[in-house]
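**Student:** Based on what follows, work out the 3D shape:
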Amino acid sequence: MRRALIGLIASGALAASTTVGAQSLGDRFKQFMGSVDGGNANSSAQQLPESEVVSGLRAALADGASAAVTQLGQNDGFWGDAARRIPLPGWMGKTSGVLRGAGFGDQMDSFQLSMNRAAEQATAEAGPIVRETINSMSVRDAYDILQGSDTAATEYLRDKAGDDLAAKFEPIIANTTAQSQAVSRYESLTSKAKPMLQFVPGMNLDVNDYVTQQALDGLFAVIGQQEQKIRANPAATGSAIVKKVFSTVSR
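**Tutor:** Model prediction:
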């Protein structure tokens with residue numbers, strides 16, 4: 001039966017082988033930075049120190065990142081959200097009908113739940129790394145971010161903190177998945193099928209690496225959504241410094 005299942009896995013895998021008004025925040029910030037350099041912005045903007053502009057951006061990003069970590073780093077943060085739920089690994093998802101027909105449906109469901117629980121536990125620990133990255137942001141970083149796309153800050157965070165977050169996530173995920181019998185069965189099956197699957201493009205048979213990458217993708221997707229909301233309405237964060245900075249720059 002196991003040999004037949006491995007064959008099914010291998011064959012299936014191989015076969016499947018905001019705008020914010022007329023003027024954007026970036027334009028507003030560029031206008032403000034021009035006034036710092038002696039441009040023609042109004043006196044109100046000229047009187048606002050660079051440190052306050054950076055503090056305002058940091059506060060806004062911290063608010064958005066905190067919301068994302070809180071949303072995903074709780075029970076059902078991934079599993080209870082259809083948009084963020086981590087799917088079965090590609091080859092397993094594409095052959096799920098065959099596997100379920102062979103009687104492995106319950107094990108697959110248990111395996112998927114275990115992956116999502118692991119991601120939730122890991123994401124709950126993301127706060128300090130994200131916060132440190134935000135706090136290290138320079139005036140130049142802030143200028144580039146506000147000139148960038150609606151998710152420029154998210155891209156900055158992923159570039160600066162992605163590797164550190166992955167290093168933080170993986171041992172937490174490994175510890176969680178090690179307690180799952182469903183994950184143990186998955187690893188046993190894939191270890192036997194690996195000789196037949198290793199040449200399939202994009203194949204990732206390491207469950208902990210797979211969950212780590214999926215967790216990071218989910219986290220930054222939600223941070224990106226939060227960033228877009230902040231850019232659309234910065235005053236809605238409820239932060240006095242954010243409101244002060246962006247209302248001044250927008251004049």
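
**Student:** For the helix or strand harbouring Asp163, buried residues please.
**Tutor:** According to DSSP states H and E, Asp163 maps onto helix 152-177. Neighbour counts using 16 or more other C-beta atoms under 10 Å place 152-158, 160-162, 165-166, 168-170, 172-174, 176-177 of helix 152-177 among the buried residues. Any C-beta I mention is one placed from the backbone N, CA and C, and that applies to glycine too.

**Student:** Look up how far Asn208 lies from Ala174.
**Tutor:** Between Ala174 and Asn208 the distance is 5 Å, computed by C-beta to C-beta, to the nearest Å.

**Student:** Contact partners for Glu187?
**Tutor:** Counting by C-beta atoms under 8 Å, 6 or more residues apart in numbering, Glu187 makes contact with Val207.

**Student:** Tell me the pLDDT of it.
**Tutor:** pLDDT, Glu187: 79.

**Student:** Over to Ala153?
**Tutor:** Ala153 carries a pLDDT score of 88 in this model.

**Student:** which residues does it contact?
**Tutor:** Going by C-beta under 8 Å, 6+ apart, Ala153 touches Leu57, Leu61, Gly64, Ile145, Glu227.

**Student:** Okay, strands next: where are they in the stretch 151-251 of the chain?
**Tutor:** Assigned by DSSP state E, counting those that start in this stretch, the stretch 151-251 of the chain shows no strands.

**Student:** give me the number of residues near the closest residue to Gly93 other than its chain neighbours?
**Tutor:** Spatial nearest neighbour of Gly93, chain neighbours left out: Pro87 (5.4 Å); criterion: C-beta to C-beta, 6 or more residues apart in numbering. Residues lying near Pro87 (other C-beta atoms under 10 Å) number 12.

**Student:** wait, doesn't Pro87 sit right on Lys94?
**Tutor:** No: using C-beta atoms under 8 Å, Pro87 is not in contact with Lys94, being 10.3 Å away.

**Student:** what's the next secondary structure element after the worst-scoring helix or strand of the chain on mean pLDDT?
**Tutor:** Lowest by mean pLDDT, DSSP states H and E among the helices and strands of the chain is helix 43-46, with a mean of 38. Per DSSP H and E, the first helix or strand lying C-terminal to helix 43-46 is helix 50-72.

**Student:** tell me which residues of that next one are tucked away?
**Tutor:** Buried residues in helix 50-72, counted by 16+ other C-beta under 10 Å: 53-69, 71-72.
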